[in-house]
Structures are given as structure tokens and as C-alpha cells.
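Asker: Quick one, structure for this:
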Amino acid sequence: MVRTSGTPGMNRMPRRRPRFRRGRIRELPTESQSVEVASTEAPTPARRARGIYLLPNAFTTGALFAGFYAIVQAMNDQFATAAVATFVAMVLDGLDGRVARLTNTQSAFGEQYDSLSDMVSFGVAPALIMYEWALHDLGKWGWLAAFVYVAGAALRLARFNTNLGVVDKRFFQGLPSPAAAALVVGLVWLATDLREHRLINMTGADLSWLAWVMTIYAGLTMVSNAPFYSFKTINLRKSVPFMTALVLVLVFVLISSDPPMMLFGLFLCYGLSGYVVWALRYRGRKRIGSDSTDTEMGSDTTKMGSDTITK
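Answerer: Residues are numbered from 1 along each chain as shown. All right, here's what the predicted structure looks like:
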């Protein structure tokens, strides 16, 4: 082993001192700053495009056009054509909601647009048709009845839009505005058709008070609390028995045999059905209340008898 001369430790390599870079000392972020940084670095969700769906709104536009066309024809004394245009608007109004649900194209714009279209087609148009046909001969009583109908339609639509998630979906609260319009213009169409076939000689002026009663009834029934079946529980995708299809064919045959008479008869029965259901519900609640009262009285009598035996 070779020893080296010199001071011990002279042959060892000197250690290098770590070099520190001059610069600012980074401060740790505070709690509020860290939360702010985290919130700014989080990915922002993509904004949903506010578009207008063409297909359901096209049906709504068609219903609006039919209602406006009915007003124009009523001003030209073409009352049968005006009534048919109102029924066409009713068919188109029933299709736009179905199409929107089937194609998943529902939107807030479509709901508001549909309400405005209903106000024209089933609020203003039927009132003007009835006024031009019979109510103008009654003076102020005539236009007041027409205004009651228009106000009832407006209130009905406003209440329907605000009570979508509150009321029972199986029933409408009050008479729907399309059915009310069918009652009003259905009477006009039926009387005009019977006069054209020389079955009656009465004009709108002769039936003015009947028209007044029908207009007031339709306007007030729209804002009532009477339950009318909504037909929303019918599943169109579900298979049905063969007899159901046969009954549907018979209904179409009956309507096509005499459209004014059959349509007015159907909607008249529907317009009265709400009060029938209302009366049946009231009778059922009254019977349940009387049964519960009898049960309580029987239990009290039993208790009194047991107390007597005990004493």
C-alpha cells in the first residue's frame, strides 16, 4: 500500500457548494386565491344553442294561419268556410305537441308560440265569427258576450301555462280552448248547413239568444274548475285490440256522413262531461263523508256501551 506524503486530506477533491439563483421568493397562494384559481381553471360547460325547431313550429304556424283565415272569411260572411278553418286549426294544434314529443324537439319558444297561436285561433277567431253571425244584432249584449269568451280563453291559457306541473295530467282544469271554439263555431256551421239544405229557415239573427247562451257558457266553462278528460293517457305506441280499430273506423264513417251535426254533437257531449264528472266526484266525497260519520258514531256508541257494562 503506497502512502502519499503531505498533509492528510490534501488529495481529497473539494466539495462544490450549491449555487442558488437569485430571484424572487414565490409566495404560496392563500386559500381564497387557490379557490379562485381552481374555479378559473375548471372547464366551462358549453352553452346550449338557442335554436328554433322547424317541424313542430310549422304545425303551429299552420294553425295560426287557419285561425286568421277563419277571421277573414267571417268578415266576408262565409261562415261555413270560417268554421271549417277553425276545425283545421284544431287538428294542426293537436299535432304540433305530439310531433314535438315524438321527435324530442320541445322548447320554451314552442310553448309560448303555441299559446299565442291558440289565443288567435281559439280565442279571437270564434268570438268574431259568432259576433258577425248572430251577436251583432243584440247590441252591447252581443259584443259583451264575445268579450267574455275572449277573456275566458286568455285566462284559460294563462292558467294552463302556470299550472303545468300542479294539476292532474289526466284531466284539464276547465274546458280546453279548442273544445270551446268547437262549441261556438260548431253551432254556426250546423245552422248554416241546415239552412243551405233547406231544413230550417232561421238565420243567425233568429238564433241570436241561443248563440249568446252558447258563447257565455263556453267562455265561463273555460275558467271553471270542472275536470275534463285530457286524452293524454292514451299511448299511441301500445297495441290495441281489433275491436278498437273497428270502432275508430265507425267513428270516422259517422263523422264523414254529416260533419256539422256529428262534430257539434260530439263536442257538446264533451262540453257537458266536465260537470257530470264534477257532480259524480262531489257525490262520492259526500258519500265517503257520511260513511265516516256513521263509523265514528258507531264507535262512540260502542264505547258508551262498554263503559256502561264496566260500571
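
Asker: Please work out which residues outside the host helix or strand of V247 touch it.
Answerer: According to DSSP states H and E, V247 maps onto helix 242-257. Here helix 242-257 makes contact (CB atoms under 8 Å, 6 or more residues apart in numbering) with M262, L263, L266. For glycine as for every other residue, the C-beta is placed from the backbone atoms N, C-alpha and C.

Asker: Distance of the first one relative to V253?
Answerer: It refers to M262. Separation of M262 from V253 (CB to CB, to the nearest Å): 10 Å.

Asker: Show me which of the two is the more surrounded one.
Answerer: M262 (17 against 10; other CB atoms under 10 Å).

Asker: per-residue confidence for the closest residue to that one other than its chain neighbours?
Answerer: In this structure, M262 finds its nearest non-sequential neighbour in I255, 4.7 Å apart by CB to CB, 6 or more residues apart in numbering. At I255, the model reports a pLDDT of 89.

Asker: in the host helix or strand of V148, what counts as buried?
Answerer: Taking DSSP H and E as the definition, V148 sits inside helix 140-162. By neighbour count with 16 or more other CB atoms under 10 Å, helix 140-162 contains the buried residues G142, A145, A146, V148, Y149, V150, G152, A153, A154, R156, L157, F160.

Asker: Ok, stretch 83-99 next?
Answerer: 83-90, 92-93, 95-97, 99.

Asker: my guess is F122 contacts P178, does it?
Answerer: Yes. Taking CB atoms under 8 Å as the definition, F122 is a contact partner of P178 at 5.2 Å.

Asker: Looking at these two, which is more packed in?
Answerer: F122 (30 against 21).

Asker: hang on, the earlier thing: which residues do F122 and P178 both contact?
Answerer: M90, D93.

Asker: hang on, the earlier thing: just the CA trace of the helix holding V247, in PDB.
Answerer: Taking C-alpha atoms only, helix 242-257 is exported to PDB below (Å, rounded to 0.1, in the frame of the first residue of the first chain):
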ATOM      1  CA  PHE A 242    -109.000  -5.300 -33.200                       C
ATOM      2  CA  MET A 243    -112.400  -4.000 -32.000                       C
ATOM      3  CA  THR A 244    -110.800  -0.700 -31.100                       C
ATOM      4  CA  ALA A 245    -109.700  -0.200 -34.700                       C
ATOM      5  CA  LEU A 246    -113.200  -1.200 -35.900                       C
ATOM      6  CA  VAL A 247    -114.800   1.400 -33.500                       C
ATOM      7  CA  LEU A 248    -112.300   4.100 -34.800                       C
ATOM      8  CA  VAL A 249    -113.400   3.300 -38.400                       C
ATOM      9  CA  LEU A 250    -117.000   3.600 -37.400                       C
ATOM     10  CA  VAL A 251    -116.400   7.000 -35.800                       C
ATOM     11  CA  PHE A 252    -114.800   8.300 -38.900                       C
ATOM     12  CA  VAL A 253    -117.700   7.000 -41.000                       C
ATOM     13  CA  LEU A 254    -120.300   8.700 -38.800                       C
ATOM     14  CA  ILE A 255    -118.400  12.000 -38.800                       C
ATOM     15  CA  SER A 256    -118.000  11.900 -42.600                       C
ATOM     16  CA  SER A 257    -121.700  11.200 -43.100                       C
END
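
Asker: for stretch 109-119, what is the average pLDDT?
Answerer: 92.

Asker: now the closest residue to T233 other than its chain neighbours: how far from G123?
Answerer: Excluding the flanking residues, the one nearest T233 by CB to CB, 6+ apart is R170, at 5.6 Å. Here R170 is placed at a distance of 25 Å from G123 (CB to CB).

Asker: Between those two, tell me which one has more neighbours.
Answerer: G123 (25 against 11).

Asker: How about the contacts made by the residue nearest to the spatial centre of the chain?
Answerer: Taking CA atoms, centre = their mean, the centroid of the chain lies closest to F160, which sits 5.8 Å from it. F160 makes contacts with F172, Q173, as judged by CB under 8 Å, 6+ apart.

Asker: What distance do you get for it to Q173?
Answerer: Distance from F160 to Q173, by CB to CB: 8 Å.

Asker: Just give me the residues shared between the contact sets of the two.
Answerer: What both F160 and Q173 touch, as defined by CB under 8 Å, 6+ apart, is an empty set.

Asker: Listing partners with orientation, what would you give for whichever helix or strand comes after the helix holding V148?
Answerer: Downstream of helix 140-162, the next assigned helix or strand under DSSP H and E is strand 171-173. Pairing partners of strand 171-173, with direction, according to DSSP bridges: strand 227-229 (antiparallel).

Asker: Buried residues, the partner strand. List them.
Answerer: So, applying 16+ other CB under 10 Å, buried residues of strand 227-229: P227, F228.

Asker: Over to stretch 110-125?
Answerer: Buried residues in stretch 110-125 (16+ other CB under 10 Å): 110, 113-115, 117-125.
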